[in-house]
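S.K.: no sequence for this one, just the structure:
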């Protein structure tokens, strides 16, 4: 059976989807991180090799029958970064008798394809990180946000998680009112006082993904416990991601009325985040006297599926 492979690589995990030429999923596998900014390049490469081993060995797929491998890797944007990954995969292919096409995309490109089924429109991603990405009919690509946790990751799980920790400490100091977030964070770690967070958070091994883990506590406090501080944090993050989206909508005439899709764990788990985000997009329409509403399609398919669809397109050429 001839087939293609789509890969979605991130800072926590990497997933592969095997798709036959009829567009049917023939298998899927998952390994660790392949974002070279989250792990070393060597670790990222080795995880990609392990993932391909799974596809070729565990799934029983002949390497020679693979027509294309399409990857969307976070942290791999520059041409030299893409070529380095592509060279490693070609080396792997040479050793395993696979001479397929290697296609490396921005992780937002594969998410857009998964959400809309085509490579035009806008995709907003809010997971550990956040980015807004758009492709116009003329092929021009635009992005806002996604600059990392230091330069700016507004609207992300990291952004929410950091705000949670700061809200707990501000409440502890008496600057802000009591919040249910304090109890949830202390319970998570088995701590008796917020002061213990300082020792934990400043450990060398604490990374962006660890901070982002607090986002689910914030969503729980906001939507189940109706905690005021938590709701403010979620709404603020949604507004900031919407601001990035609206900024992108102003970069090309097509985007003012383009379809908008959304994906990522924050969109998936927070109704408050989704509703606030949609409202801000439509406020932008009203301010510009645009007589239409913008809906937001929440993606039902994983980004790896979009990567496989892009591989399928390449194989058909």
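M.R.: That came through fine. The structure displayed is predicted, hence computed values, not measured ones.

S.K.: residue 277 and residue 267, how far apart?
M.R.: Spatial separation of residue 277 from residue 267 under the definition C-beta to C-beta, to the nearest Å is 8 Å. Heads up, the C-betas are built off the backbone N, CA and C, glycines and all.

S.K.: the two: which is more packed in?
M.R.: When residue 277 is set against residue 267 and neighbours are counted by other C-beta atoms under 10 Å, the residue ahead is residue 277, at 26 against 23.

S.K.: does the more buried one touch residue 262 like I think?
M.R.: Yes: between residue 277 and residue 262 there is a contact at 7.1 Å, judged by C-beta atoms under 8 Å.

S.K.: mind listing the shared neighbours of these two?
M.R.: Contact with both residue 277 and residue 262 is made by residues 124, 296, according to C-beta atoms under 8 Å, 6 or more residues apart in numbering.

S.K.: select the longest helix from the chain.
M.R.: The helix of greatest length in the chain, counted in residues with DSSP state H as the criterion, is given as helix 228-249.

S.K.: avg pLDDT for it?
M.R.: What helix 228-249 shows for mean pLDDT is 98.

S.K.: now that helix: buried residues?
M.R.: Using 16 or more other C-beta atoms under 10 Å as the burial criterion, the residues of helix 228-249 that qualify are 229-246, 248-249.

S.K.: sheet partners, orientation included, of the helix or strand just after that helix?
M.R.: Where DSSP states H and E defines the elements, the next helix or strand beyond helix 228-249 is strand 260-263. Strand 260-263 has the following sheet partners, assigned by DSSP bridges: strand 121-126 (parallel), strand 296-298 (parallel).

S.K.: contacts for strand 260-263 next, please.
M.R.: Residues external to strand 260-263 that are found in contact with it (C-beta under 8 Å, 6+ apart): 111-112, 114-116, 121-127, 245, 274, 277, 281, 294-299, 303.

S.K.: same question, stretch 213-231
M.R.: By C-beta under 8 Å, 6+ apart, the list of residues contacting stretch 213-231 from outside reads 157-158, 160-165, 167, 171, 176-177, 179-181, 184-185, 188, 233-234, 265-266, 269-273.

S.K.: hmm, 7 Å instead?
M.R.: By C-beta atoms under 7 Å, 6 or more residues apart in numbering, the surrounding residues in contact with stretch 213-231 are 157, 160-161, 164-165, 167, 176, 179-181, 184-185, 188, 233-234, 266, 269-272.

S.K.: buried residues in it, which are they?
M.R.: When burial is assessed from 16+ other C-beta under 10 Å, stretch 213-231 yields the following buried residues: 214-223, 227, 229-231.

S.K.: what about that stretch, start to end distance?
M.R.: Between the opening and closing residues of stretch 213-231 there is a gap of 17 Å (C-alpha to C-alpha, to the nearest Å).

S.K.: among the buried residues of stretch 213-231, which ones are in helices?
M.R.: With helices defined by DSSP H, the entries of the buried residues of stretch 213-231 inside them are 215-223, 229-231.

S.K.: mind listing the strands for the stretch 51-200 of the chain?
M.R.: 66-73, 101-105, 121-126, 130-135, 141-144 (DSSP state E, counting those that start in this stretch).

S.K.: what stretches of the stretch 101-250 of the chain score poorly on pLDDT?
M.R.: Nowhere does the stretch 101-250 of the chain drop to pLDDT under 70.

S.K.: coming back round to it: of the contacts of strand 260-263, just the buried ones, PyMOL syntax please.
M.R.: Buried residues within these, by 16+ other C-beta under 10 Å, are selected in PyMOL with:
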select buried, resi 111+112+114+115+116+121+122+123+124+125+126+127+245+274+277+281+294+296+299+303
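
S.K.: tell me the pLDDT of the residue nearest to residue 62 when sequence neighbours are not counted.
M.R.: Leaving aside its chain neighbours, residue 62 sits nearest to residue 56 (7.5 Å; criterion: C-beta to C-beta, 6 or more residues apart in numbering). pLDDT, the model's per-residue confidence, is 91 for residue 56.

S.K.: and the one 10 residues further on, by the same measure?
M.R.: We have a pLDDT of 95 for residue 66.

S.K.: which residues touch it?
M.R.: Counted by C-beta under 7 Å, 6+ apart, residue 66 has contacts 3-5, 98, 100.

S.K.: and the strands of the stretch 51-200 of the chain: which comes nearest residue 89?
M.R.: Within the strands of the stretch 51-200 of the chain, the stretch nearest residue 89 is strand 101-105; the backing value is 5.0 Å (C-beta to C-beta).

S.K.: what's the angle between that closest one and strand 66-73?
M.R.: Following axes from the mean of the first three to the mean of the last three C-alpha atoms, to 10 degrees, one obtains 20 degrees for the angle between strand 101-105 and strand 66-73.
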